[in-house]
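Peer 1: the following comprises the amino acid sequence and a computationally predicted model.
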Amino acid sequence: MIFASYNNIISPLGFSTKENYEAVSNSVIGVKKIKFPFSEDPFCVAKIDDEQIKQHVKTIENYVSYTKLEQLSILSIQDVIQQSGINPESERTLLIYSTTKGNIDVLENIYKHIDPKRVYLSELGKQLQSFFKFKHTPVILSNACISGILGIIIAKRFIEQGLYDNVLVCGGDILSEFTISGFKSFNALSHEPSKPFDANRVGINLGEAVSTILITNKKELAVPYDTEIVSGASANDANHISGPSRTGDGLYQCLTEILKTNNSEIGFISAHGTATPFNDEMESIAFERAGLTSIPVNSLKGYYGHTLGAAGVLETVLSLESMKHKRLIKSEGYEVQGVSGNITMIEKHEPKTFTAFIKTASGFGGCNAAALFRKVKTV
Amino acid sequence: MNNIISYAHIKNNQVSVNGSVMFQSAHSASVSEFLSEAYKSLELSYPKFHKMDAQCKLGFLCAEFAMRGTAFLTEHELSRTAIVLSNNASSLETDRVHQHSIDDKSNYFPSPAVFVYTLPNITIGELAIKHKITGENAFFVSEKFDADLLVNYTESLMDNVTEAAIVGWVDVDGSNFEAFIFLVEKQKDTNKNAIFKPLNQANIITLYNQTKWTH
């Protein structure tokens, strides 16, 4: 059995999973209107407060030698290593790092003392390897917006193969002019807080976050949630590089695959829900096709914006917290049904005891992924 | 047991298929000249090719050369065919183009047609679209071609529902480019053009070093 274990979230809503879960369950949102020098009008993003970062990074030895993403990643991974007590130097431990753009801010020349070659993702991996003395070179995964959840699925596969016992999956991306200007050129950004699955949704809020979770086969490390990763799958729409399949083909294929041996009741679905017109529409169709019409759905993008490579890890962690606290998290920003697929949105925080949930994601390049998590029956 | 049934390797302005050089352009040809000549040599008509960035073109061509003359696409469920690629530069070559378009605030022209290629897995998307392949996807970034990672991960997929896979390395960085793609399938003995090498690290490394480049 492969378990989802200790974890951390660093985001505008806090530097620990506890702070983040408390904020979200009190409907605190991390997106704010910010005016950027390169844009005429302000728009909403979820940015981690620079002062907060300064306070936290002081604990890292020689912190000025790391980029912002490296600093946040070190803090996040360190928290999980400390909580779990696993040995990073062990032959049986691996780090999978999921990111879309890594140290892309290095390309913008904003650092004085950082070698320009740090923009290469393998260099980011080397920094983390040497900081934590990982025995193995970190595996870096860059598969658009499914990177986070795919990292968790890959961790499970590697452990099942017998290669490792403990795999840390860290997902991270920062806000940068690079990504903001790119999504803006697509007219995909919302000036106001985003409204996933709502009739008046107009687009994405970009966000930044780093989130880490330990995936393990060690029963004694399953303590935080007693939850296993039952199944995971990815699939490609084979339709368009920047638009999702209108019929939700790739996501439907993932859902069919992960549910084929399922016999437990699903408590809710943590959707991708970016709040773009096409994405949310596609997801609703895939959920309906997979027979999930009555299963409650949320998107956490209303709280965090779209945190790209971090999203799948962060949203998995909050879903585990939701299951532990027996409470469904409201899909922030949703008011009026705005998709054609027949789905059930979570319109308010509500108590619910459940033992399984699905996490999904979809991204550019036509990629989709889904995973099923389930509480282990305790005798 | 999984087999490597065919492979293609592109570097030094040459294309080799199963170890023999099949195409080459002038030693001095630029990346874009080479890609365009190699495309012409395949006598394909695929207008989407011309919209792709260099990395996608390179991956597209290398996969095309590897599949030529095999029955790979017709012998497998396309929903059970995986695409697993890797490189060192991620999408850095196109990242630089996008960054250049936003460096000058008085001449600010980010383009969605460029930005969409600033993710390395778009190469997987282009291959999926061309061949209607809808199986598993993963794009890894490693400093060097990592046979262990690719073989381990492909095997983990083939232990489950995946029955065939397009696997390899597609890297473009400035004037340097290299692609190495191999096709993997579960053991079968019907594919007459297959080279049939068991999938393992040692065989992949041997095939990677097999080609005698002419310059």
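Peer 2: Received it, and whenever you're ready, just let me know what you need.

Peer 1: other SSEs contacting the lowest-mean-pLDDT helix or strand in chain B?
Peer 2: Counting by mean pLDDT, DSSP states H and E, the weakest-scoring helix or strand in chain B turns out to be strand B:197-198, with a mean of 90. With contacts taken as 3 or more C-beta pairs under 8 Å, 6 or more residues apart in numbering or on different chains; DSSP states H and E, strand B:197-198 sits against strand B:2-11. C-beta here means a position set from N, CA and C on the backbone, and glycine is covered the same way.

Peer 1: spell out which parts of the stretch 201-350 of chain A neighbour chain B.
Peer 2: A:233-242, A:249-250, A:253, A:257 (C-beta under 8 Å from any C-beta of the partner chain).

Peer 1: inside helices: which ones of those?
Peer 2: Restricting these to those inside helices, with DSSP state H as the criterion, leaves A:D249, A:G250, A:Q253, A:E257.

Peer 1: mind listing the strands for chain B?
Peer 2: Taking DSSP state E to define them, one finds strands in chain B at B:2-11, B:14-17, B:20-24, B:81-87, B:137-141, B:164-173, B:176-186, B:197-198.

Peer 1: what's the offset of the shortest one from the middle of its chain?
Peer 2: I take that to be strand B:197-198. Offset of strand B:197-198 from its chain centre (C-alpha atoms, centre = their mean, to the nearest Å): 20 Å.

Peer 1: show me what that strand pairs with in its sheet, parallel or antiparallel.
Peer 2: Next to strand B:197-198 in the sheet, as set by DSSP bridges, lie strand B:2-11 (antiparallel).

Peer 1: can you give me the buried ones in the partner strand?
Peer 2: Neighbour counts using 16 or more other C-beta atoms under 10 Å in any protein chain shown place B:N2, B:N3, B:I4, B:I5, B:S6, B:Y7, B:A8, B:H9, B:I10 of strand B:2-11 among the buried residues.

Peer 1: just the element for A:G182, please.
Peer 2: In the assignment (DSSP states H and E), A:G182 maps to helix A:177-185.

Peer 1: which residues touch that helix?
Peer 2: A:36, A:38-39, A:45, A:100-101, A:104-105, A:107-108, A:173, A:189, A:204, A:206, A:308, B:95, B:98-99, B:102, B:108, B:110-112, B:115, B:118 (C-beta atoms under 8 Å, 6 or more residues apart in numbering or on different chains).

Peer 1: over to stretch B:173-182?
Peer 2: Outside stretch B:173-182, the residues that touch it by C-beta under 8 Å, 6+ apart are B:4, B:6-11, B:30-31, B:54, B:58-59, B:61-63, B:66, B:85, B:88-89, B:92-93, B:145, B:166-171, B:204, B:207-208.

Peer 1: how about that stretch: buried residues?
Peer 2: By 16+ other C-beta under 10 Å, the buried positions in stretch B:173-182 come out as B:D173, B:F177, B:E178, B:A179, B:F180, B:I181, B:F182.

Peer 1: and for stretch B:208-215?
Peer 2: Within stretch B:208-215, the residues that count as buried by 16+ other C-beta under 10 Å are B:Y208, B:T211.

Peer 1: off-centre distance for that stretch?
Peer 2: The answer for stretch B:208-215 is 17 Å, by C-alpha atoms, centre = their mean.

Peer 1: between the two ends of that stretch, what distance do you get?
Peer 2: Length of stretch B:208-215, first residue to last, C-alpha to C-alpha, to the nearest Å: 17 Å.

Peer 1: same question, stretch A:213-223
Peer 2: Taking C-alpha to C-alpha as the measure, stretch A:213-223 stretches 13 Å from start to finish.

Peer 1: next, the buried residues of it.
Peer 2: For stretch A:213-223, the buried set under the neighbour-count rule, 16+ other C-beta under 10 Å, comprises A:I213, A:L214, A:I215, A:T216, A:N217, A:K218, A:L221, A:A222.

Peer 1: quick one: mean pLDDT over that stretch.
Peer 2: Here stretch A:213-223 scores 98 as its mean pLDDT.

Peer 1: ok, and what's touching it?
Peer 2: When contacts are taken as C-beta under 8 Å, 6+ apart, the neighbours of stretch A:213-223 outside the stretch itself are A:1-8, A:80, A:84, A:86, A:152, A:155-156, A:159, A:165-169, A:228-229, A:313, A:316-317, A:376.

Peer 1: same question for stretch B:100-119.
Peer 2: Here stretch B:100-119 has contacts from A:37-38, A:100-101, A:142, A:144, A:177-178, A:181-186, A:241-242, A:363-365, B:51-53, B:55-56, B:91, B:94-95, B:97-98, B:122, using C-beta under 8 Å, 6+ apart.

Peer 1: pull out the buried members of the residues you listed.
Peer 2: With neighbours counted by 16+ other C-beta under 10 Å, the contacts of stretch B:100-119 contain buried members at A:100-101, A:142, A:144, A:177-178, A:181-186, A:241-242, A:363-365, B:52-53, B:55-56, B:91, B:94-95, B:97-98, B:122.

Peer 1: sorry, back to before: among the contacts of stretch A:213-223, name the ones in helices.
Peer 2: With helices identified by DSSP H, the entries of the contacts of stretch A:213-223 that belong to them are A:V80, A:S84, A:I152, A:A155, A:K156, A:I159, A:V313, A:T316, A:V317.

Peer 1: turn those into JSON lines, columns for pLDDT and neighbour count.
Peer 2: JSON lines is the format used below for the ones in helices among the contacts of stretch A:213-223 (pLDDT from 0 to 100; neighbours: other C-beta atoms under 10 Å in any protein chain shown):
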{"residue": "A:V80", "pLDDT": "98", "neighbour count": "21"}
{"residue": "A:S84", "pLDDT": "98", "neighbour count": "20"}
{"residue": "A:I152", "pLDDT": "98", "neighbour count": "26"}
{"residue": "A:A155", "pLDDT": "98", "neighbour count": "27"}
{"residue": "A:K156", "pLDDT": "98", "neighbour count": "23"}
{"residue": "A:I159", "pLDDT": "98", "neighbour count": "24"}
{"residue": "A:V313", "pLDDT": "98", "neighbour count": "31"}
{"residue": "A:T316", "pLDDT": "98", "neighbour count": "27"}
{"residue": "A:V317", "pLDDT": "98", "neighbour count": "25"}
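
Peer 1: dump the buried residues of stretch B:173-182 into CSV; add pLDDT and distance to A:K330 as well.
Peer 2: Rendered in CSV, the data for those read as follows (pLDDT from 0 to 100; distance: C-beta to C-beta, whole Å):
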residue, pLDDT, distance to A:K330
B:D173, 97, 45
B:F177, 97, 49
B:E178, 98, 49
B:A179, 98, 47
B:F180, 98, 49
B:I181, 98, 46
B:F182, 98, 48
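
Peer 1: which of these sits closest to chain A?
Peer 2: B:D173 (9.0 Å; C-beta to the nearest C-beta).

Peer 1: beta-bridge partners for the closest one, please?
Peer 2: Legend: beta-bridge partners of B:D173 under DSSP bridges are B:N176.

Peer 1: shouldn't A:E22 be within a helix?
Peer 2: Yes: the assignment for A:E22 (DSSP: H, G, I helix; E, B strand; the rest coil) places it in a helix.
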